[in-house]
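J.: Predicted coordinates and the sequence they were generated for:
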Amino acid sequence: MLGQRNRVMRYGFVPLLWWMSFFLSFCLMQALIGGNFREGLNFLLAAAAVTALHFWLYRGRGFSDNLRAFLLYLIPPIIVVIYAGISMPKEISTEEYREIELGLQYPRNADALKAILPEVELALNDGKISRWEGARIRHLIFERNHILARSDAAATEEEARHRVAALVNQYQKSH
């Protein structure tokens with residue numbers, strides 16, 4: 001029993017690898033789920049620094065022990081990647097379609113509209129906007145318009161998709 005406890009303590013209580021797992025999970029959440037690659041890069045750099053510090057501080061521990069602990073702490077980031085791979089290709093909700101629609105209807109200025117419109121057109125090429133594309137477009141709208149508005153969402157995704165496509169077509173005809 002004592003040998004099992006020591007093994008758990010050897011691999012389970014490694015604070016620097018806890019931080020590596022935490023930072024790497026947030027890196028993947030920001031980059032894959034949120035579409036915010038700049039913040040994801042910051043978390044990735046923090047994870048790399050903490051991991052390097054761990055391997056430097058525990059260099060006398062043995063490479064195989066460090067590698068086992070490192071692989072154990074990679075499980076949460078791998079779960080984040082699996083979740084993103086399953087959920088992000090799905091279509092966005094009606095509320096998110098409404099945010100995109102309002103971002104197109106009320107741009108801050110002509111330059112904001114010129115930046116947002118091609119992204120929405122590109123995302124609508126396959127007939128729907130995935131969560132990957134929706135996150136990127138909503139970040140762009142917030143960056144350009146400095147606001148995201150949400151009100152009176154459509155009843156179905158099909159109706160919401162039709163509203164956004166009609167607005168895009170209206171802008172294409174007028175320009």
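T.: On my side now, so go ahead.

J.: What segments of this structure are helices?
T.: With helices called from DSSP state H, the chain shows them at 2-12, 15-28, 37-57, 63-72, 75-87, 94-105, 110-123, 131-145, 157-174.

J.: on contacts alone, who are the packing partners of the longest one?
T.: Put plainly, it is helix 37-57. Packing partners of helix 37-57 (3 or more CB pairs under 8 Å, 6 or more residues apart in numbering; DSSP states H and E): helix 15-28, helix 63-72. All C-beta atoms are positioned from the backbone trio N, CA, C, and that covers glycine.

J.: Could you save the ones you listed as JSON lines and add columns showing mean neighbour count and distance to His162?
T.: Putting those into JSON lines (neighbours: other CB atoms under 10 Å; distance: least, CB to CB, whole Å) gives the following:
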{"stretch": "helix 15-28", "mean neighbour count": "20", "distance to His162": "34"}
{"stretch": "helix 63-72", "mean neighbour count": "14", "distance to His162": "48"}
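
J.: Mind putting these into a markdown table with mean pLDDT and distance to Ile79?
T.: Output for these, formatted as a markdown table (pLDDT from 0 to 100; distance: least, CB to CB, whole Å):
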| stretch | mean pLDDT | distance to Ile79 |
| --- | --- | --- |
| helix 15-28 | 88 | 8 |
| helix 63-72 | 81 | 13 |
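
J.: Nice, that's everything, thank you.
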